[in-house]
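Visitor: sequence and predicted structure, then a few things I'm wondering about:
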Amino acid sequence: MRTFLVKIWSALLLLAASLALVPLPAAADDVVVARVNGVDIKQSDLDFATSEVGPKLSSMPAADRRRVLLQYVIENELMAGAGQTDNLDKAATFADRVKYHQRRALRDAFFDAKITGAVTEADAKKIYDEKITELKPEQEVHARHILVSTEEEAKEVAERLKKGEDFATVAKEKSKDANAEGGDLGFFTRGQMLKPFEDAAFALDVGQISEPVQTQFGWHIIKVEEKRDQPLPTFDQVKDAIIAQLVQQKAQEVVTSLRNTAKIEVVDPELKKAMEAAAAKDALPGETPDDTSGDAGSNN
């Protein structure tokens, strides 16, 4: 039961905070970025909002993320102001809502101080230095291709190229692949192309032109422009990913430690049954879910 709950709680913590890895600004730097009906919206408001909606914005460019965060905070303030006008802050359940969000704010503060704050760039650099020596550069091929519908067309194209016609010119005239200008596919490694195409490209010498190669898209004539070893990633390129992984590991350790000293009682019988069933299903092969009887850190 403990293993399952640790995973669930860690996931919930990380959902709210794993992408909010930027430290909050010092008070002197907490600039006003907007105003709504006279209420200041500060940079810290955007940083706090990141813990709520940041994971949903991770694929956006940084400039767009900041704009969307501001829109979110503005809408939050507009609705909060309207709720106050409607006296919703005087509703019977409002105090409980405030209490919940106070606990959540404490959780976020704890996460920042004890988990995110405990992971440093130096920790990430140490991991990088250890792992980078184990990596072997992959070979990359820079290739062009011309895609046609039939084998006969492919043979005709190959003959023209063997006679010295410019590859890019013939590709522009004959190729069905409009996305590759002049047939240029850039650099790629193994696993990025269809296997027949990939096998042919990696077997060619630089400057060599292939025989017709068939894939599900048609017939290809391939020319290899260059081969090289793919550059290994720099620390700056992978730093954020390593830090995120270290934060996740730290969260797992901290939550496990907290659970080991806690007494957690699931009172609702249906929830208790569902939690125990999920824990049994989640147990690793050969692992028996924790016996929940008589354990100070168990769920009874």
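Guide: Alright, I've got the coordinates. Numbers count the residues shown, from 1 in each chain.
Visitor: where does G191 sit, in terms of helix or strand?
Guide: According to DSSP states H and E, G191 maps onto no helix or strand at all.
Visitor: count of neighbours near it?
Guide: 8 (other CB atoms under 10 Å). Yep, even glycine has a C-beta here, placed from its N, CA and C like the rest.
Visitor: and the next helix or strand past the host helix or strand of E140?
Guide: Counting by DSSP H and E, the element that carries E140 is strand 139-148. With elements assigned by DSSP H and E, the helix or strand that comes after strand 139-148 is helix 151-162.
Visitor: and that next one, C-alpha only, in PDB?
Guide: The C-alpha trace of helix 151-162 is given here as PDB (Å, rounded to 0.1, in the frame of the first residue of the first chain):
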ATOM      1  CA  GLU A 151      10.300   1.700 -60.300                       C
ATOM      2  CA  GLU A 152      10.600   2.700 -64.000                       C
ATOM      3  CA  GLU A 153      10.500   6.400 -63.100                       C
ATOM      4  CA  ALA A 154      13.100   5.800 -60.400                       C
ATOM      5  CA  LYS A 155      15.400   4.100 -62.900                       C
ATOM      6  CA  GLU A 156      14.900   7.000 -65.300                       C
ATOM      7  CA  VAL A 157      15.800   9.500 -62.600                       C
ATOM      8  CA  ALA A 158      18.900   7.400 -61.700                       C
ATOM      9  CA  GLU A 159      20.100   7.500 -65.300                       C
ATOM     10  CA  ARG A 160      19.800  11.300 -65.500                       C
ATOM     11  CA  LEU A 161      21.800  11.700 -62.300                       C
ATOM     12  CA  LYS A 162      24.500   9.300 -63.500                       C
END
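Visitor: ok, which stretches of this structure are strands?
Guide: 32-36, 39-42, 139-148, 184-188, 213-215, 218-229 (DSSP state E).
Visitor: report the angle between the axes of the longest one and strand 139-148?
Guide: An angle of 160 degrees separates the directions of strand 218-229 and strand 139-148 when computed by axes from the mean of the first three to the mean of the last three CA atoms, to 10 degrees.
Visitor: rewinding a little: okay, the strands of the chain, which one's buried deepest?
Guide: Counting by mean count of other CB atoms under 10 Å, strand 139-148 has the highest mean neighbour count of those, with a mean of 22.
Visitor: tell me which of the strands of the chain lies nearest to M60.
Guide: strand 32-36 (17.7 Å; CB to CB).
Visitor: each with direction, which strands does the closest one pair with?
Guide: Take DSSP bridges as the rule and strand 32-36 pairs in its sheet with strand 39-42 (antiparallel).
Visitor: and the residue nearest the centre of the chain, how far from V119?
Guide: By CA atoms, centre = their mean, the chain has its centre lying nearest to S58, at 6.8 Å. Look at S58 and V119: by CB to CB, to the nearest Å, they are 18 Å apart.
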